[in-house]
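In: Below: sequence and its predicted model.
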Amino acid sequence: MLLINCPHCGPRDETEFHVGGEAHIARPKKPEDLTDAQWADYLFMRKNTKGWFAERWVHAAGCRRWFNVERHTVTHEIRRIYPMGDAPSDDIA
Amino acid sequence: MTTTETNPLRVSNGRGESGAQPVRFTFDGRSYTGQVGDTLASALLANGVRVVGRSLKSHRPRGILSAGFEEPNALVQLGSGAYAEPNALATRVEIYPGLEASSVNRWPSLSFDAFAGFGLLSRFMPAGFYYKTFLGSRTLWDRVYEPILRRMAGFGRAPTAADPDDYDQRHLHCDVLVVGGGLAGLAAARAACDSGAKVALIEDQPGLAAQPIGARTKDWVDEIIKVVREKATVLTRTTVFGTYDGGFAAALERVSDHVAPSSRAGGRQRVWLIRAKQTVLATGAIERPLVFSNNDRPGVILAGAAHTYLDRHGVLVGRKIVAFTNNDETYAAAIALKKAGADIVALVDVRPKLIGGLVASAKKEGIRVLAGHAVVDVEGRRAVRGVTIAGLGGGASERLSCDALIMSGGWSSAVHLFSQRGGKLAFDPRAAGFVPAPKPGDPLCAGALAGESGDAAVITSGHAAGAKAAAALGKTAPPPPWGLPEDPQRGATHPFWRVPVAPDAERKCYIDFQNDSTLADISLTVREGFTHPEHVKRYTLTGFGTDQGKTGNINALGNIAERVGVDIGDLAPTTFRPPFLPVTFGALAGRDKGALLDPVRITALHDWHVNAGAEFEDVGQWKRPWYYPRGNESLDEAVARECRAVREGVGILDASTLGKIEVIGPDAATLLNRVYTNAWSKLGVGRSRYGLMCHEDGMLFDDGTTTRLAETRFLMTTTTGNAAAVLDWLEEWLQTEWPELKVYCTSVTDHWATVALAGPRARDVLAQLAPDVALDNESFPFMSYKEASVAGIDARIFRISFTGELSYEINVPWHHAQHLWNAAKAAGAAHGITPYGTETMHVLRAEKGYPIIGQDTDGTVTPLDLGMGWAVSKKKDFLGKRSLARLDTARADRKQFVGLRTKNPADVIPEGAQIVSAASVGQIKLPQAEPVPMEGHVTSSYFSTALGHSIALALVRNGFARTGETVYAVADGKPIAAEIGSTVFYDPDGTRRDG
């Protein structure tokens, strides 16, 4: 079970959190201008990264705040926790 | 040396207290005496009991093989009734006065087994037998194969009543977790303690340093146990069964399994949830059997186990013992057994050249040591009577008479907990087995687990691992405060996977004792082309079962490698996953059972509902009154009465469970615009609006009424079960996508209690409660809101309706609810005010065609499918809008929300019934109908008292265009004819609601 260092509450068990999937997928500004394929890409398509991966987590059973996490999908190591809106590390495209 | 009368093979008290107390217990109905500290296995061995079970497939008599958690044979059934426990290991069960144990997998009795004949058939039950035999006749499987197999294969019986024991869970946080309290674990714990780290040491056995130890190490052990018990948290009778990411581990403590159920105090078992910054594994190694003909006979036992039974319990596994080995450890066992009075007939060693101190000591003791020899067969079906040995290089064979054979094929590191964390293994020729190959970040490994042997080497590696764990935490462990004599010179373990046998004898050479997998099965499997260890496992069942192949896996691997022609180091052992040992469901559940399984939420009026005799239904965690039966009324009768009261007079409903969220801030209307399908900017203060919420895929997710309390303050209501999900949804978008919006959301569900008055007399009742409020239709129209004093309480009044009648929902602070309810009951008495429950509410809303999100929809339904295009804005964007224009969501033949009127007014269609067209219904031939096109399904269905006929709501393909068409709802093989029409059955103009 992951130990996640909530930026507001400190290290807590994974069971207190919910994962929100891949981070840095911005909602299109004008959805009506998109083709079905472009909209489907936003809605359904997600990376299946082996390695460092940026994802969203929320401290659901704690402060209920969302934040971003850089986690290694093989070792489950967490190297970085950063606020919503901040850019991911350079090696995460 | 002493031999007690009842325990012919007990020669001392072992580690027990002097004059250990006798303990009476029964096995298979017969009474025996053991002593305090015995396991069931040691007590049975002390009594000379050889056969403890039958094997799974061939039902061969089996005896005790091991002294620990690796035991494949000695599975027993404990206790009875609610306390029945199947699959207990005799080698782990600590006996207590009155313990009742019985063998499993035998029928009708251990001595006479009706299936033993299968032993003769076992050559016809080869690897892949199940896959090959049971394809084909379903009837044969149901009537013949399965019932017989179940009885044959039954490992024990389940309890017959709910588990009466208590279980607990506890959390433990530490700097260094040391798993295993043997020599290595103790040394590691000492090093970490001395560095100042907070240490937890966990040991499976009742005592520390439970394995046999050399005389030279005894003082060291006594001293270190004292120190570690002082400085560390020490848990014994506790098994770490899983290791996980982030230094997390789970362990099961057997708190009171070792005492009679009637005397258990403090719960039966406890799960420890452990978070450690560093983990040291010192889990030891598991001895392997040797593979030769009839190596499964009762009385053939692992050499280390024989040593343990002597050391721990003072029990000899036999009087005349032959030893068979490929490594030095067996010499220590043989010497100890000889010193305790056993006759060591011969020590048969496959290694051609023997070196080292232990061999010399054995010879000095006068033990006949035969190098380059092997045991080739065992005599005795129910107990060993003798063995045949032969030189591996050829030569004459020799028969040796004996009553026990101790064997050792080397030691396999207990890598399970290391592997569970994803740790990789490497073949270590020094140990002739797979050992952990830790990467940075993996748990540290010490002692026999790391391939070490010899007390001094094991202790040194333990201390080093403890010091390394401390260093990783920035702490420094001082050098070991002891000096130990060096281990005697040792000969290496010789990898030896089987004694050469003729092909037709391979089926008597057992690899996996629990699954009866033999050398013949491995040979056949490889011949049939399955050469990957994972394939061989599944084809032969090697490594399955309660023991998960703890003794057999590496022997299987060695023999696969030999047959495939590769090096064993090139094969990967099968993957280990938690749990290391079976864990009871009770322990995993802990206190989360019965009333504590899930929180129960009750409204402020709950006691009143209970006193009124309400039947309740669970809605999420809430208890809601379902209906209020009077006298002997049935559900239908009560609901009919409650419905009539609302339609004709006035009803009163506790609606407090509806989710309530205050949305506050200058951008509150903007947020609503984005999450609801309809527009909110122009909603006036004091007005309410119905809204639909979709996920980004355009599918309905929630609905409810939202009211503008003030310019920048809205009260949103949600469905009862969805309140938390809606709040999470709003928070997710506010925090992750729209942080610029100045708005916050607060759950006020349990701040405001809600009492709904519904029915033509609702206004009269409210007028008495709130005489100062103008209630006429112009002053207080439908979908509007007022703050006023109601029954003397500051209240929020919403004129909204879920029944289709004139209706007010009154919110008052939670603790005033009972006062309001009583006042409303009194004010309405003259109008026959009637409490109604959720069932009546559902009927009334269905008469109006109001959908329930989650009942009439299922996550594949858009607002347009519900026919609610009027609530979907064409102008603004909202979550899910773009999806409504996708090819699939925009197609015409989607399932759409319609009403159904049955041809026979009395037919009430079962909810969930599938709908077929008139053309299809004639083709349905029961009982085994060919598939016909499904046109949809019924989502809600009731008998309407107000209308005098049944009503149903349904999702039907292209339903909007099929008004007037007769379709058939099929349930229980019976088609019910119904006509498609509007979803609004009652008061379609809404005059009752709006007047």
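Out: Ah, there it is.
In: so what's B:His535 up against?
Out: By C-beta atoms under 8 Å, 6 or more residues apart in numbering or on different chains, the contact list for B:His535 reads B:Thr525. Quick note: C-beta positions are derived from backbone N, CA and C, even for glycine.
In: quick one: it from B:Gly180, how far?
Out: 33 Å (C-beta to C-beta, to the nearest Å).
In: Name the residues of chain A found near chain B, please.
Out: A:1-3, A:13-14, A:20, A:26-28, A:30-32, A:34, A:36, A:39-40, A:43, A:56, A:58, A:60, A:64-66, A:75-77, A:84-85 (C-beta under 8 Å from any C-beta of the partner chain).
In: Buried ones from the residues you listed, can you make that a ChimeraX selection?
Out: Buried members of the residues of chain A next to chain B, defined by 16 or more other C-beta atoms under 10 Å in any protein chain shown, are picked up in ChimeraX with:
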select /A:1,2,3,13,14,20,28,31,34,39,40,43,56,58,60,65,66,76
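In: Mind checking which of the residues of chain A next to chain B are in strands?
Out: A:Leu3, A:Asp13, A:Gly20, A:Arg56, A:Val58, A:Trp66 (DSSP state E).
In: Do I have it right that the first one meets B:Ala276?
Out: No - the pair A:Leu3 / B:Ala276 is not scored as a contact, 10.4 Å apart, by C-beta atoms under 8 Å.
In: Now do the shared contacts for those two.
Out: Common contacts of A:Leu3 and B:Ala276, defined by C-beta under 8 Å, 6+ apart, comprise B:Gly247, B:Phe248.
In: Next, the contact list for the residue most central in space within chain A, please.
Out: The centroid of chain A falls nearest to A:Glu55 when counting by C-alpha atoms, centre = their mean (1.8 Å). Residues near A:Glu55 by C-beta under 8 Å, 6+ apart: A:Val19, A:Gly20, A:Gly21, A:Glu22, A:Ala23, A:Asn68, A:Val69, A:Arg71.
In: What is the neighbour count of the closest residue to B:Gln21 other than its chain neighbours?
Out: Nearest non-adjacent residue to B:Gln21, counting by C-beta to C-beta, 6 or more residues apart in numbering or on different chains: B:Val36, 4.5 Å away. A count of nearby residues for B:Val36, using other C-beta atoms under 10 Å in any protein chain shown, gives 16.
In: With B:Thr707 instead?
Out: So B:Thr707, with other C-beta under 10 Å, has 22 neighbours.
In: Check the secondary structure at B:Asn632 for me.
Out: Under DSSP: H, G, I helix; E, B strand; the rest coil, B:Asn632 falls in the coil class.
In: what does the stretch 801-950 of chain B put close to chain A?
Out: B:Asp877, B:Lys881, B:Arg882, B:Ser883, B:Ala885, B:Arg886, B:Leu887.
In: do that again at 6 Å, thanks
Out: Residues of the stretch 801-950 of chain B lying near chain A by C-beta under 6 Å from any C-beta of the partner chain: B:Arg882, B:Arg886.
In: The residue lying closest to B:Cys643 once chain neighbours are set aside: how many residues sit nearby?
Out: In space, and not counting its chain neighbours, B:Cys643 is closest to B:Thr945: 4.7 Å by C-beta to C-beta, 6+ apart. Neighbour count of B:Thr945, defined by other C-beta under 10 Å: 19.
In: Check the one 4 residues further on too.
Out: B:His949 has 16 neighbouring residues, counting by other C-beta under 10 Å.
In: correct me, but the residue nearest to B:Cys643 touches B:Ala645?
Out: No - here B:Thr945 does not reach B:Ala645: they are 10.3 Å apart, not a contact under C-beta atoms under 6 Å.
In: Stretch B:661-678 spans what distance, first to last residue?
Out: Taking C-alpha to C-alpha, to the nearest Å, stretch B:661-678 runs 18 Å from one end to the other.
In: Show me what counts as buried in it.
Out: B:661-665, B:667-678.
In: outside of that stretch, which residues touch it?
Out: For stretch B:661-678, contacts defined as C-beta atoms under 6 Å, 6 or more residues apart in numbering or on different chains pick out B:680-681, B:691-693, B:712-716, B:727, B:741-748, B:863, B:871-873, B:876, B:878-879.
In: shaky segments in chain A?
Out: Judged against pLDDT under 70, the low-scoring parts of chain A cover residues A:93.
In: Farthest out from the centre of chain A, which residue is that? Tell me.
Out: Chain A, C-alpha atoms, centre = their mean, max distance from centroid: A:Asp33 (26.2 Å).
In: returning to what we had before: out of the ones in strands among the residues of chain A next to chain B, which is nearest to B:Thr238?
Out: A:Asp13 (20.4 Å; C-beta to C-beta).
In: near chain A, which residues of the stretch 201-350 of chain B show up?
Out: So the stretch 201-350 of chain B meets chain A at B:Tyr244, B:Asp245, B:Gly246, B:Phe248 (C-beta under 6 Å from any C-beta).
In: Now restrict the residues you listed to buried residues only.
Out: B:Tyr244, B:Gly246, B:Phe248.
In: List the buried residues of stretch B:982-991.
Out: Buried residues in stretch B:982-991 (16+ other C-beta under 10 Å): B:Thr983, B:Phe985, B:Tyr986, B:Asp987.
In: my bad, should have said stretch B:359-373
Out: In stretch B:359-373, counting by 16+ other C-beta under 10 Å, buried: B:Val359, B:Ala362, B:Ile367, B:Val369, B:Leu370, B:His373.
In: do the same with stretch B:76-85
Out: So, applying 16+ other C-beta under 10 Å, buried residues of stretch B:76-85: B:Val76, B:Gln77, B:Leu78, B:Gly79, B:Tyr83, B:Ala84, B:Glu85.
In: Does the second one touch B:Val104 like I think?
Out: Looking back up the chat, that one is B:Gln77. Yes - B:Gln77 is in contact with B:Val104 according to C-beta under 6 Å; the separation is 5.4 Å.
In: who touches both of those two?
Out: Both B:Gln77 and B:Val104 are contacted by B:Gly156, under the criterion C-beta under 6 Å, 6+ apart.
In: Doesn't B:Pro97 belong to a helix?
Out: No - looking at B:Pro97 with three-state DSSP, it is coil, so not inside a helix.
In: State the pLDDT value of it.
Out: What the model reports for B:Pro97 is a pLDDT of 95.
In: Excluding chain neighbours, what is closest to B:Leu370?
Out: B:Val348 (5.0 Å).
In: Ok, B:Glu70 next?
Out: B:Lys550 (3.8 Å).
In: For chain A, state which of the buried residues of stretch B:76-85 is nearest.
Out: Chain A lies nearest to B:Glu85 out of the buried residues of stretch B:76-85, by C-beta to the nearest C-beta, at 28.6 Å.
In: Name all residues that make contact with the residue nearest to that closest one when sequence neighbours are not counted.
Out: Sequence neighbours aside, B:Leu78 is the residue nearest to B:Glu85 in space, at 4.4 Å (criterion: C-beta to C-beta, 6+ apart). Going by C-beta under 6 Å, 6+ apart, B:Leu78 touches B:Glu85, B:Ala88, B:Ala101.
In: what's across from the second one in the sheet?
Out: Right, B:Ala88. Beta bridges link B:Ala88 to B:Val76, judged by DSSP bridges.
In: Please tell me how far it sits from B:Gln77.
Out: Counting by C-beta to C-beta - B:Ala88 and B:Gln77 are separated by 7 Å.
In: swap in the first one?
Out: Using C-beta to C-beta, one gets 7 Å for the distance from B:Glu85 to B:Gln77.
In: The last one now?
Out: From B:Ala101 over to B:Gln77 the distance is 7 Å, taken as C-beta to C-beta.
In: Do I have it right that A:Ala61 meets A:Glu14?
Out: No - A:Ala61 is not in contact with A:Glu14 according to C-beta under 6 Å; the separation is 10.7 Å.
In: Minimum distance to chain A, which residue of the stretch 351-500 of chain B gives it?
Out: Closest point on the stretch 351-500 of chain B to chain A, by C-beta to the nearest C-beta, is B:Gly441, at 6.8 Å.
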